[in-house]
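Engineer: here's a sequence, model it:
(2 chains)
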Amino acid sequence: MSHSPTTIPEHHPALVHQFDSMEQQREASTFGMWVFLLTEIMMFGGLFAAYLI
Amino acid sequence: MSTAAQTVKPVMPARHYLNDNYGIRSWLLTKDHKRIAVLYLFSITFFFFIGGIFASLIRLHLLTPNGELFQADTYNKMFTMHGVNMIFFFLIPSVPAVLGNFIIPIMVGAKDLAFPKINLMSWYIFMVGAFFSLYAMVSGGVDTGWTFYTPLSSGFVHTNVILMAVGILFAGFSSIFTGLNFIVTVHRMRAPGLTWGRLPLMVWANYAASLIMILGTPVLAITLILLALERGFHIGIFDPKLGGDPVLFQHMFWFYSHPAVYIMILPGMGVISEIVTCFSRKRVFGYAFVAFSSIAIAVFGFVVWAHHMFVAGISVYSAMVFSLLSYAVAIPSAVKVFNWTATMYKGSVKLDTPMLYALGFIGLFTIGGLTGLFLAALGLDVHIHDTYFVIAHFHYVMVGGMVMAYLGGLHFWWPKMTGKLYPEPVAKLAALITFIGFNLTFFPQFILGYMGMPRRYAMYSPEFQVLNVLSSAGASILAVGFILPALYFTWSLKYGEVAGDNPYKATGLEWQTTSPPPTHNFDVTPVVTEDPYHYGAEEEVTVVP
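Structural biologist: Residues are numbered from 1 along each chain as shown, chains lettered A, B, ... in the order given. Have a look, this model is predicted:
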């Protein structure tokens, strides 16, 4: 195991502490939204399936 | 790993997540995954003991065939509230929300989970659910069983079904948020060099459980909403009198609730993989197989739900398919058990407390899993469905498996979480007491079930009494085994020895940071250059002056 020097944070005002870069932050947010949409599909899919059956 | 640091007596780090900020505000508004894990730890411990009180009352009541303690209706409430508490407010959040929340961001070398505010919100939503559930309990309780089968729950009982359903709905959303956070974190926030093939098995297992959380829990949510609509507004969904289909409820309920079993057990399996490798000082046998068996369990878990319904009137052909698929789940589960055993083979096995729990898990989960195959067999299931055999089977998986894994994990990472060591001899004794108490409680129930004692009855035939007394005696021993860790963990916070960064000489990123870790987990971002579990011959020698 080795260590690299701490990534120098980009001083973008919108960058939150847990991310290393704006790109990582944007990717995580987009991916998170897709996962959330997936949960919505499961929930409303269940509703429509119950109605159809 | 640094050897120089280990040659002197360990000291607590000057700054860590526990002393970074003080005051109730700093805890209730925290976005630190470690502090949120601690909040969850307190919350679910509370619910574990509430559920335990119900369990104790049930076992006290069943000491005598006629059940002297409660009316039958009250007994129904006791087992319902035991089930709801233990499943939704303890087992499901146990490893993911406490241990996973604490350790997974550190294991992947991240500063926090991807969405810290959602993480905090998940705890608040959990507590709102817990409030509804507690209110439902103290204001009359619920007596439908934790399964809420319709039309009993939607039209026949006069207890707080809707309140309890709302409580579970909230708890479900809290678990969706945890799952969402884990998935995004594992995909997007791994440290440089930490490829999927280098992820610790704890991360794989929690990732697989998270997939179930996000895919299954929404279906439970809509099922409970529909149940509440039918109960509150007489909209016919499940009640045949209103034009509904009661078996539909069972399909929808078990579509979530069977995979939910894997939400509970998979993270436990991840904990066991970490413990077994560490205390065998060996690489895990067949890393890829163990990792992918978690995914396989998650996938197969979604296509076995109707094995809960073999006698509910489903077609014999679909029953045959579900039976076969249920057998298929045994394959990835067996892969794990065989690989843990092979990992221990010729390893330098050290029987520290976490390892005792892990060994307990392997044995008891195997019994629980194999008796699951009895229940997946169509013919045998007709004989033993809804008997104490089922109770014994799932308690072997949930308590013998999951609670053992949770306690093993809590002991394993306690030094990391608090920076303190617990008293090892007492902890070993507690593990032993738990193992003995557990088997004495639940093994007689296999026999009782096979002899035909049905579950959920407030009284039983006198010939079942001896085994019931044994079971109740075992429960009292088990209670001691569960109370002891609560006592010595609390004791260790003040009087425990300082643990040091890596008391077990374990691999894994969480052991590279301080104990307790700093708020941002790592002073420098770690770069991973090796496979996990690189335990080998070149183990470092510790010199303690």
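
Engineer: show me where chain A has its strands.
Structural biologist: A:2-3 (DSSP state E).

Engineer: check contacts around the residue most central in space within chain A.
Structural biologist: Compute the mean C-alpha point of chain A, and by CA atoms, centre = their mean the closest residue is residue A:32, 2.7 Å away. Counting by CB atoms under 8 Å, 6 or more residues apart in numbering or on different chains, residue A:32 touches B:114, B:115, B:180, B:184. Bear in mind the C-beta positions are built from the backbone N, C-alpha and C, glycine included.

Engineer: pull the number of nearby residues for the first one.
Structural biologist: Around residue B:114 sit 28 other residues, with neighbours defined as other CB atoms under 10 Å in any protein chain shown.

Engineer: what of the second one?
Structural biologist: Residue B:115 has 21 neighbours, counted by other CB under 10 Å.

Engineer: ditto for the third one
Structural biologist: Counted by other CB under 10 Å, the residues lying close to residue B:180 total 26.

Engineer: with residue B:27 instead?
Structural biologist: 15.

Engineer: what do you get for residue B:138?
Structural biologist: By other CB under 10 Å, 8 other residues sit near residue B:138.

Engineer: again with residue B:134
Structural biologist: Counted with other CB under 10 Å, the neighbours of residue B:134 add up to 18.

Engineer: so it, which of the three states?
Structural biologist: The local conformation at residue B:134, judged by DSSP: H, G, I helix; E, B strand; the rest coil, is helix.

Engineer: report the contact partners of it.
Structural biologist: Neighbouring residues of residue B:134 by CB under 8 Å, 6+ apart: residue B:167.

Engineer: same check on residue B:387?
Structural biologist: So, once contact is read as CB under 8 Å, 6+ apart, residue B:387 ends up touching B:448, B:449, B:450, B:452, B:453, B:454, B:455.

Engineer: looking at those residues, which are in helices?
Structural biologist: Secondary structure from DSSP state H places B:448, B:449, B:450 of these in helices.

Engineer: any idea which of those residues is closest to chain A?
Structural biologist: residue B:449 (32.5 Å; CB to the nearest CB).

Engineer: tell me the pLDDT at the closest one?
Structural biologist: With respect to pLDDT, residue B:449 scores 97.

Engineer: thinking it is in contact with residue B:390, fair?
Structural biologist: Yes - between residue B:449 and residue B:390 there is a contact at 6.6 Å, judged by CB atoms under 8 Å.

Engineer: and the residue of the stretch 1-150 of chain B closest to chain A?
Structural biologist: Closest contact between the stretch 1-150 of chain B and chain A, by CB to the nearest CB, is at residue B:112 (3.8 Å).

Engineer: ok, that residue - contacts?
Structural biologist: By CB under 8 Å, 6+ apart, residue B:112 lies in contact with A:17, A:18, B:31, B:32, B:33, B:105, B:520, B:521.

Engineer: hmm, 7 Å instead?
Structural biologist: A:18, B:32, B:33, B:105 (CB atoms under 7 Å, 6 or more residues apart in numbering or on different chains).

Engineer: ramachandran angles for the second one?
Structural biologist: Pointing back at residue B:32 there. phi -80, psi 120 (degrees, to the nearest 10).

Engineer: what number of residues lie near it?
Structural biologist: Around residue B:32 there are 26 other residues, counting by other CB under 10 Å.

Engineer: and if you look at the last one?
Structural biologist: Other residues lying near residue B:105 total 30 when counted by other CB under 10 Å.

Engineer: surely it meets residue B:33?
Structural biologist: Yes - the pair residue B:105 / residue B:33 is scored as a contact, 5.3 Å apart, by CB atoms under 7 Å.

Engineer: what is in contact with these two at once?
Structural biologist: Residues touching both residue B:105 and residue B:33 comprise B:112, B:113, with contact defined as CB under 7 Å, 6+ apart.

Engineer: returning to that earlier point: let's have the contacts of residue B:387 in JSON lines, adding neighbour count and distance to residue A:36.
Structural biologist: Listed next are those as JSON lines, based on neighbours: other CB atoms under 10 Å in any protein chain shown; distance: CB to CB, whole Å:
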{"residue": "B:448", "neighbour count": "25", "distance to residue A:36": "45"}
{"residue": "B:449", "neighbour count": "24", "distance to residue A:36": "42"}
{"residue": "B:450", "neighbour count": "16", "distance to residue A:36": "46"}
{"residue": "B:452", "neighbour count": "15", "distance to residue A:36": "48"}
{"residue": "B:453", "neighbour count": "21", "distance to residue A:36": "45"}
{"residue": "B:454", "neighbour count": "13", "distance to residue A:36": "43"}
{"residue": "B:455", "neighbour count": "17", "distance to residue A:36": "38"}
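
Engineer: residue B:43: which of the residues you listed is nearest?
Structural biologist: Of all these, residue B:43 sits closest to residue B:455, with 28.6 Å by CB to CB.

Engineer: tell me the one of the contacts of residue B:387 nearest residue B:159?
Structural biologist: residue B:455 (19.1 Å).
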